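In: Next one to model:
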Amino acid sequence: MRTCEICGRSIVAKNAQARFCSSNCRVTAHRRAKRLTLPEELTSRNRWIRHSAEKKPVDAITGATASSTDPSTWATYAEADTSPHGAGLGFVLGDGIACIDLDHVITDEELHPAAAELVSHYPSNYIEVSPSGTGLHIWGLSPERPGTRRIENGISVERYSSGRYITITKNVYQAGTLLPL
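Out: Residues are numbered from 1 along each chain as shown. So this is what the prediction gives:
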């Protein structure tokens, strides 16, 4: 009897080559395969926080409210990654690290054409799928400047380089490093 590579349940399928018992397990395996190591430019900086389920910043050490403008509420990557507080990871932008946030650009695993065009300008940048599963975070380098939010070619494009934090999912859309944005 064959068993699912993800959950271990028996596989009841006509396809003799099936590796998973359900589409949920197949998607989980696909996502796990895409989870690669975060760029060292992120993990080497002490700009990490956790976030609540409501996306409120949480201090990884104390569990108290964190601030994107107060370094005393930030932690190392190792501290934040192993913290029991909050629902997920976040990185505080600044110190040359920036992010382009694209909302609602993935539908049925297809990337919106305008988003695909924008992503094509960053072929070696680290890009993650956002927590919603429908957006992208393009990570890179940029001097600190005021953030912008605008509609470009029919999609919402937000650019931030300071005073904000961005969630980190480790759900890699495109493996890469941090290059200029």
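In: can we go C-alpha only for contacts and neighbour counts from here?
Out: Fine.
In: Now do the helices in this structure.
Out: Taking DSSP state H, the helices of the chain run over residues 23-34, 40-43, 77-81, 113-120.
In: Just to check, Glu144 is in contact with Arg164?
Out: No: using C-alpha atoms under 8 Å, Glu144 makes no contact with Arg164, being 11.2 Å away.
In: Domain-wise, how is the protein divided?
Out: By the assignment in automatic domain parsing, the chain contains the domains 1-34, 40-180.
In: Just put those in TSV and tack on mean pLDDT and mean neighbour count.
Out: Formatted as TSV, the domains of the chain follow (pLDDT from 0 to 100; neighbours: other C-alpha atoms under 10 Å):
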stretch	mean pLDDT	mean neighbour count
domain 1-34	71	14
domain 40-180	96	19
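In: Surely Leu136 is in contact with Tyr126?
Out: No: contact criterion C-alpha under 8 Å: Leu136 and Tyr126 do not qualify, at 10.4 Å.
In: list residues touching both of those two?
Out: Common neighbours of Leu136 and Tyr126, using C-alpha atoms under 8 Å, 6 or more residues apart in numbering, are Tyr173.
In: what about the strands in the chain?
Out: Counting by DSSP state E, the chain has strands at residues 48-51, 57-58, 88-92, 97-103, 106-107, 110-111, 127-129, 136-141, 148-152, 155-160, 165-168, 172-174, 179-180.
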